[in-house]
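Student: Sequence and computational prediction follow.
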Amino acid sequence: MGAQSAGPLVVGVDSSTQSTKTLVVDADTGVVLARGQAPHAVSGGEGKESDPGQWWRALGEALAQCGDAARQASALSVGGQQHGLVTLDAAGAPVRPALLWNDVRPAPQSERLIAELGGAQAWAERVGSVPGPAFTVAKWAWLRENEPAAAAATAAVRLPHDYLVQRLTGEAVTDRGDASGTGWWASSTESYDTEILEQVGLAPEALPRVALPGEAAGTVHADDLPLPKGALVAAGTGDNMAAALGLGLRPGQPVLSLGTSGTVYTVSRHRPADPTGTVAGFADARGDWLPLACTLNCTLAVDRVAALLGRDREAVEEGGEVVMLPFLDGERTPNLPGASGLVHGLRHDTTPGRLLQAAYDGAVFALLQALEEVLDADAAPDAPLLLIGGGARGRAWRETVRRLSGRPVVVPEAQELVALGAAAQAAGLLLGEDPAAVARRWGTARGAAYEARPRDGAAWDRLAATLADGAALLRR
Ligand SMILES: Nc1ncnc2c1ncn2[C@@H]1O[C@H](COP(=O)(O)OP(=O)(O)O)[C@@H](O)[C@H]1O
Ligand SMILES: O=C(CO)[C@@H](O)[C@H](O)COP(=O)(O)O
């Protein structure tokens, strides 16, 4: 342990696409006493899959790195990558690897489901979201169609975070935040939608109970992790909902997260229902809403372009007119699952640094365009953007966000906001407090503030025009 603790200890877990991160936190002060991290493998190519057993092993490794601190924890919570389809057999073992949020193969099933159940407007009003290929319901429909034997062998369906909660506690429990990314949890009724489940041939009994905000999932019963048996386990949530808790976010404050996925979101008191599908109408982990837009091509796409150019990720050069839409994995926002990357405007004076800057611009443009849809009437137009995720540590990312948004930016000092949010949820459960209030008490959103830069409207217009003019290529 690196520091002395004043209060009980809690563990926050971030089981995201690329790795598991764990923090042991003093529940009174928010001081981080120990941290661990272990990587995940994701299959390459069009399909994106991970073995759920690997998340469990990574959790064990990351906790082991926390040393004695983890063994002294009184409560724990897990924030996990959203939407992933985990299929378990009758004995609770994975039937096959999990299909992840960024797997675009279910695009045809998504289109069919939207049409079969009344169209985009009807989905938005009922479920809160139009279920694109990311949503669990589209993934399950893909599995039934493409691997009927695997679907038939499935006795239980879980999301990544509730798979881990079940292995920790033995209880089948999820929460409203993560459930709201399935496509079979309706935000209009705040319950599973039995008609949708029937349409996709999934029995409600195959799904976990949805805990109320503040409710526990159970206690640690697993004996193969360095955790005390009997420690409280919170219901956990999706990683974006956990980060919102970790920031102690208030309604209308905008967040831009730069990780494997790019996300923009805010907390809202109003239930979202966007029929264009740009804004997912997620629930948050507390009882409010989390309108959010997500891109598939963020830090990994830009790092790939830097590697192609043989440059450090910070070796950018502003200026020039080259435009890049770095949609290497297809794209979700805008909804172009079959897209690949597009470069327009190459000239003799285009330098490698300008080309790399264009990749940042394209990735940030997609997020900022969606932010305009995410923010509702309650949002303060010049509130600073809270910049989080691994990319927030990079100067090139930060400056691109400032230049294209024209907004002030705050980069919280705390780096692991998903894991911190999970820790705040665990502390809230242990101490009987609102987890967002716990995070505010811990001061997790404090960080370096950067003034607004003049907005680069010319670059924005070039990007918007390339997106519109390139439509035929991007839809191919
Ligand atoms: N110092 C840094 N500068 C810019 N980008 C960084 C830096 N450190 C990490 N990253 C980026 O952060 C990404 C991981 O972000 P993270 O939020 O941890 O991912 P995940 O979505 O899996 O939780 C990596 O793909 C990497 O490109
Ligand atoms: O699909 C979404 C949000 O709808 C993603 O944000 C996932 O939740 C994956 O998150 P990271 O691994 O990038 O944190």
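Tutor: Cool, the structure landed. Numbering: from 1, shown residues only. Ligands and ions are numbered 1, 2, ... in the order given.

Student: Could you list the residues of the stretch 201-350 of the chain in contact with ligand 2?
Tutor: Taking CB under 6 Å from any ligand atom as the criterion, the stretch 201-350 of the chain approaches ligand 2 at residues 238-240, 259-261, 263, 280, 294. C-beta: built from backbone N, CA, C; applies to glycine.

Student: Mind checking which of the residues you listed are buried?
Tutor: 238-240, 259-261, 263, 280, 294 (16 or more other CB atoms under 10 Å).

Student: any chance of the residues you listed in a markdown table, plus distance to P352, secondary structure and pLDDT?
Tutor: Output for these, formatted as a markdown table (distance: CB to CB, whole Å; DSSP: H, G, I helix; E, B strand; the rest coil; pLDDT from 0 to 100):
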| residue | distance to P352 | secondary structure | pLDDT |
| --- | --- | --- | --- |
| G238 | 37 | strand | 98 |
| D239 | 33 | helix | 98 |
| N240 | 34 | helix | 98 |
| G259 | 25 | coil | 96 |
| T260 | 25 | coil | 93 |
| S261 | 26 | coil | 95 |
| T263 | 29 | strand | 98 |
| A280 | 36 | strand | 98 |
| C294 | 29 | strand | 98 |
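
Student: Let me know the closest of those residues to R304.
Tutor: Using CB to CB, the shortest approach to R304 within these belongs to T260, at 12.2 Å.

Student: ok, for the closest one, nearest residue in space, not its chain neighbours?
Tutor: Spatial nearest neighbour of T260, chain neighbours left out: T17 (4.1 Å); criterion: CB to CB, 6 or more residues apart in numbering.

Student: Now do the contacts for L159.
Tutor: Contacts here follow CB atoms under 8 Å, 6 or more residues apart in numbering; on that basis L159 touches 80, 82-84, 86, 136, 174, 178-179, 181-182, 238.

Student: Now render these as CSV, adding secondary structure and distance to Q166.
Tutor: Output for those, formatted as CSV (DSSP: H, G, I helix; E, B strand; the rest coil; distance: CB to CB, whole Å):
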residue, secondary structure, distance to Q166
G80, strand, 12
Q82, coil, 17
H83, coil, 17
G84, coil, 14
V86, strand, 9
T136, helix, 16
T174, strand, 9
D178, helix, 13
A179, helix, 14
G181, coil, 18
T182, coil, 16
G238, strand, 16
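
Student: Relative to L232, which of these is nearest.
Tutor: Comparing these against L232 with CB to CB places T174 closest, at 16.8 Å.

Student: Thought E215 was touching that closest one, still the case?
Tutor: No. T174 lies out of contact with E215 (CB atoms under 8 Å); the separation is 11.1 Å.

Student: Comparing the two, which shows the higher neighbour count?
Tutor: Remark: of T174 and E215, T174 carries more neighbours, 27 against 13, as counted by other CB atoms under 10 Å.

Student: how far does stretch 317-332 stretch from start to finish?
Tutor: 28 Å (CA to CA, to the nearest Å).

Student: That stretch and ligand 1, are they touching?
Tutor: No. If you take CB under 6 Å from any ligand atom as the test, stretch 317-332 misses ligand 1, and the best it gets is 12.8 Å.

Student: Would you indicate which residues of that stretch are buried?
Tutor: Those would be 320, 322-332, for stretch 317-332 by 16+ other CB under 10 Å.

Student: Just those: which are in strands?
Tutor: Cross-referencing those against strands under DSSP state E gives 323-325.

Student: Closest one of those to ligand 2?
Tutor: L325 (19.5 Å; CB to the nearest ligand atom).

Student: That closest one: what's it in contact with?
Tutor: So L325 contacts 331, 339, 341-342, 362, 366, 463, 466-467, 470, 474 (CB under 8 Å, 6+ apart).

Student: again with L346
Tutor: The contact partners of L346, by CB under 8 Å, 6+ apart, come to V322.
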